[in-house]
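Asks: let me see the structure of the following:
(one chain, ligands or ions: 1)
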Amino acid sequence: VETLEIKGERERSRILVGESLDNLLNYIPKEQVFIITDETVHRLYGHRFPSVPVLTIGEGEGIKNLDTVNSLYEQLLDSGVDRTAYLVAIGGGIVCDIAGFVASTYLRGIRFGFVSTTLLSQVDASVGGKNGVNFGGYKNIIGCFNQPDFVICDPDMLKTLEPKEIRCGLAEIVKHAAIKDSSYFNYIESHAEQALALERSVIEQLVYRSVSIKADVVNQDEREKGERRKLNFGHTFGHAVEKVTGVPHGEAVSIGMTVAARLSTAEDLLASDEQQRIERLLQALSLPTSFTANKEQLKDALAKDKKREGSSIHFILLDTIGHALVKEIDLTLLEAVLDDMC
Ligand SMILES: NC(=O)c1ccc[n+]([C@@H]2O[C@H](COP(=O)([O-])OP(=O)(O)OC[C@H]3O[C@@H](n4cnc5c(N)ncnc54)[C@H](O)[C@@H]3O)[C@@H](O)[C@H]2O)c1
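Replies: Coordinates of the predicted model:
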């Protein structure tokens, strides 16, 4: 097991890469523990959970809301727990985001830990202390920063994931390499097939390196005042694509990274052979680099994006593979890039 540490403003979090669900008992108190999970994870892994009460929630972005939070508060209240209660989320990003929020707010905060069961949540969602739910049509707009005590990343649990869930995680993995580490990018290029096949040593390497990058960034800028914004590479445009076309988040991020790389080249920042390497790697990982959508709708969605200021939008661009910067982009340049792609 490799352990990485996040040093939050108030608390520390240990990310345990290669740890097993079966060792969960080593990390939790003896009493008043509650597990929060979803139906699929419960069906697949419930028989391996410690014998403590299990609160099961639904699935999909549609349940990531305050109604689900309310129902969890009610169940905790009914059980009569006090401030020594402990929550363990076992699931993907949705379960962890909701459980982290409930734990952070119930009785003004009780302690909690995660067992991350999707590739996306292992490399991204459960690392960094952002907890919360969707509200009023906006994603993750209600929430808080608060670090779990521990995050168990068990590579064996990834074997039961749908291939599309693997691809979503791989998109964030490419993002980490593209913005921070060219040697990591080379590694992914030469292990793309093994990654898609979930070869254990490759997956452990990817989770470890991605978590290290995210941990470094979060340790510098927990509250996203500067450096952490770079983790939005591919997301400014990706969110608009996700909204307009309904493609899964990871696929939208792949398209968003393609747009951002092309913009970087159009701005004379990124050499065109590097831009092409990014597209080739995404394609090798079965991720999309082009799409069909109504351009007007896309522009509307971008305009609503909270990052928009005046006639320009802040994009995360690359000046080389492994190094990102934040830059204002004129809408006309974006349109020219879109004419090529969309
Ligand atoms: N907090 C953050 O910093 C952060 C970062 C990125 C994404 N997110 C959030 O994460 C969410 C997406 O997370 P996700 O992709 O993990 O989605 P998810 O939690 O919906 O999981 C995807 C699906 O996989 C199933 N599943 C989970 N583990 C499984 C396993 N081991 N085997 C088989 N099936 C399994 C789930 O039941 C679900 O149906 C979004 O809501 C997003 O906003 C948060």
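
Asks: residue boundaries of the strands in the chain?
Replies: 2-7, 12-17, 33-38, 54-57, 86-91, 111-116, 130-135, 138-145, 150-153, 308-309, 312-320, 323-330 (DSSP state E).

Asks: how about the ones you listed in JSON lines, adding mean pLDDT?
Replies: As requested, the strands of the chain are exported to JSON lines (pLDDT from 0 to 100):
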{"stretch": "strand 2-7", "mean pLDDT": "90"}
{"stretch": "strand 12-17", "mean pLDDT": "94"}
{"stretch": "strand 33-38", "mean pLDDT": "98"}
{"stretch": "strand 54-57", "mean pLDDT": "98"}
{"stretch": "strand 86-91", "mean pLDDT": "98"}
{"stretch": "strand 111-116", "mean pLDDT": "98"}
{"stretch": "strand 130-135", "mean pLDDT": "95"}
{"stretch": "strand 138-145", "mean pLDDT": "91"}
{"stretch": "strand 150-153", "mean pLDDT": "97"}
{"stretch": "strand 308-309", "mean pLDDT": "54"}
{"stretch": "strand 312-320", "mean pLDDT": "90"}
{"stretch": "strand 323-330", "mean pLDDT": "91"}
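
Asks: in a markdown table: those strands, plus distance to the ligand.
Replies: From N, CA and C alone the C-beta is placed, and that goes for glycine too. Formatted as a markdown table, these follow (distance: least, C-beta to the nearest ligand atom, whole Å):
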| stretch | distance to the ligand |
| --- | --- |
| strand 2-7 | 12 |
| strand 12-17 | 12 |
| strand 33-38 | 5 |
| strand 54-57 | 10 |
| strand 86-91 | 5 |
| strand 111-116 | 8 |
| strand 130-135 | 4 |
| strand 138-145 | 5 |
| strand 150-153 | 11 |
| strand 308-309 | 20 |
| strand 312-320 | 15 |
| strand 323-330 | 17 |
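
Asks: what sits against the residue nearest to Ala192 when sequence neighbours are not counted?
Replies: In space, not counting the residues next to it along the chain, Ala192 is nearest to Ala284; the distance is 4.2 Å by C-beta to C-beta, 6 or more residues apart in numbering. Contacts of Ala284 were listed using C-beta atoms under 8 Å, 6 or more residues apart in numbering, and they are 189, 192-193.

Asks: quick one: which of those residues is most hemmed in?
Replies: Taking other C-beta atoms under 10 Å as the neighbour criterion, Ala192 ranks highest of the contacts of Ala284 with 20 neighbours.

Asks: wait, doesn't that residue sit right on Leu282?
Replies: No: applying C-beta atoms under 8 Å, one finds Ala192 not in contact with Leu282, separated by 9.7 Å.

Asks: between those two, which contacts overlap?
Replies: Residues touching both Ala192 and Leu282 by C-beta under 8 Å, 6+ apart: none at all.

Asks: and the stretch 101-250 of the chain, which residues reach the ligand?
Replies: Selection of the stretch 101-250 of the chain residues close to the ligand by C-beta under 6 Å from any ligand atom yields 117-118, 120-121, 124-125, 128, 130, 139-140, 157, 160-161, 165, 168.

Asks: now which of these would you call buried?
Replies: Of the members of those, the ones counted as buried by neighbours, 16 or more other C-beta atoms under 10 Å, are 117-118, 120-121, 124-125, 128, 130, 157, 161, 165, 168.

Asks: mind checking how far Arg48 is from the ligand?
Replies: From Arg48 across to the ligand, the span is 11 Å (C-beta to the nearest ligand atom, to the nearest Å).

Asks: which ones are touching that residue?
Replies: 21-22.

Asks: so how far is Ser126 from it?
Replies: Distance check for Arg48 against Ser126: by C-beta to C-beta, to the nearest Å, it reads 19 Å.

Asks: likewise Ser190?
Replies: Remark: distance between Ser190 and Ser126 (C-beta to C-beta) = 27 Å.
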